[in-house]
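Undergrad: okay, here's the prediction I keep looking at, along with the sequence it came from:
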Amino acid sequence: MFIATLIAAGRLSSGDISAAEDALAAADVQPAGRSWLETDTACDLLFQARPAEARAILEGLLPGVDIVVQGEANRRKSLLVADMDSTMITIECIDELADYAGLKAEVADVTERAMRGELAFEEALDARVALLEGLSETMIDLCHAERLSIMPGAKALVATMRAHGATCLLVSGGFTRFADRVAADIGFDRAIANRLNIADGRLLGTVERPIVGAQAKLDALTETAAELGLGMDAVLAVGDGANDIPMLEVAGLGVAYRAKPKTQAAADARIDHSDLSALLYAQGYMRRDWCATDQ
């Protein structure tokens with residue numbers, strides 16, 4: 001059995017669900033029942049075969065509604081591996097840090113191209129960090145205080161998964177000076193990120209090796225799963241950029257969150273409208289089962 005979870009950023013009506021069922025039936029994907037996870041917000045549709053066709057039919061069918069199609073078995077995950085910038089937080093830290101050096105436009109352009117997969121991540125990171133040479137390290141703390149915001153739904157996602165026994169890992173191509181604090185704030189078990197080289201209170205314009213890029217993210221996922229004795233079907237991965245693609249491809253459920261087109265194409269599902277709490281609905285958590293957070 002397969003499940004298509006419909007998740008609305010606004011209101012999900014019974015008419016919307018009927019329209020989805022009719023669209024599936026018209027393509028000979030016969031619905032086998034429905035179940036509300038949260039009235040007017042999220043609903044599961046059951047069907048028996050052809051999940052790829054079901055996803056193609058349903059994605060974009062209902063304005064403002066995200067679709068996650070997956071097998072019914074192993075739906076609730078035991079390991080979350082999440083990107084940080086523009087996924088668990090609302091900004092790209094390096095772009096905002098560059099703003100304090102008067103270089104945001106130049107750096108943000110490189111970031112965007114790297115996230116679209118047009119530039120090798122490692123080379124793009126080196127080029128951007130080099131532009132920050134000489135910047136006072138106090139700007140890191142200022143940037144964190146003034147610019148950084150947690151993505152809506154992030155705390156509920158991590159708190160609820162951990163309360164049900166899952167391990168949560170933050171993996172970032174950004175920097176430890178941000179990632180360590182973000183991980184603690186949201187409630188991750190640990191964080192992996194790049195370390196800026198700093199001396200005499202100023203950035204040296206380089207990062208320590210090895211760089212945390214696509215391969216390091218993939219390795220962190222597979223190694224953590226192995227340590228926990230988990231198969232890939234027990235892993236949920238989420239990210240927005242090209243350097244997240246390898247980990248999204250191996251995870252049991254790889255989700256592109258408000259992502260670049262190349263990342264969307266590689267993922268099992270994409271969330272374009274809802275916040276990160278959509279990943280709780282995708283795992284079958286009803287709203288009343290979420291852990292309360294102050295977010």
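TA: Nice, I can see it.
Undergrad: can you give me the strands in the stretch 1-150 of the chain?
TA: Secondary structure of the stretch 1-150 of the chain (DSSP state E, counting those that start in this stretch): strands at 2-8, 31-38, 42-47, 65-71, 79-82.
Undergrad: using PDB, write out every CA atom in the last one.
TA: The reference is to strand 79-82. The C-alpha coordinates for strand 79-82 follow below in PDB (Å, rounded to 0.1, in the frame of the first residue of the first chain):
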ATOM      1  CA  LEU A  79      17.200   9.300  11.700                       C
ATOM      2  CA  LEU A  80      16.900  12.900  10.400                       C
ATOM      3  CA  VAL A  81      19.800  14.400   8.500                       C
ATOM      4  CA  ALA A  82      19.100  18.100   7.700                       C
END
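Undergrad: output the contacting helices and strands for that strand.
TA: Contacts defined by 3 or more CB pairs under 8 Å, 6 or more residues apart in numbering; DSSP states H and E place strand 79-82 against helix 154-163, strand 167-175, helix 214-228, strand 235-239. C-beta coordinates here come from the backbone N, C-alpha and C atoms, glycine included.
Undergrad: show the pLDDT at the most far-flung residue of the chain relative to its centre.
TA: When each C-alpha in the chain is compared with the mean C-alpha position (CA atoms, centre = their mean), residue 200 comes out farthest, at 35.4 Å. Listed pLDDT for residue 200 reads 97.
Undergrad: then residue 281?
TA: 98.
Undergrad: go on, residue 292?
TA: Per-residue confidence (pLDDT) for residue 292: 71.
Undergrad: against residue 159, how distant is it?
TA: Residue 292 sits at a distance of 8 Å from residue 159 (criterion: CB to CB, to the nearest Å).
Undergrad: higher neighbour count, these two?
TA: Using other CB atoms under 10 Å as the criterion, residue 292 and residue 159 rank with residue 159 on top: 19 against 9.
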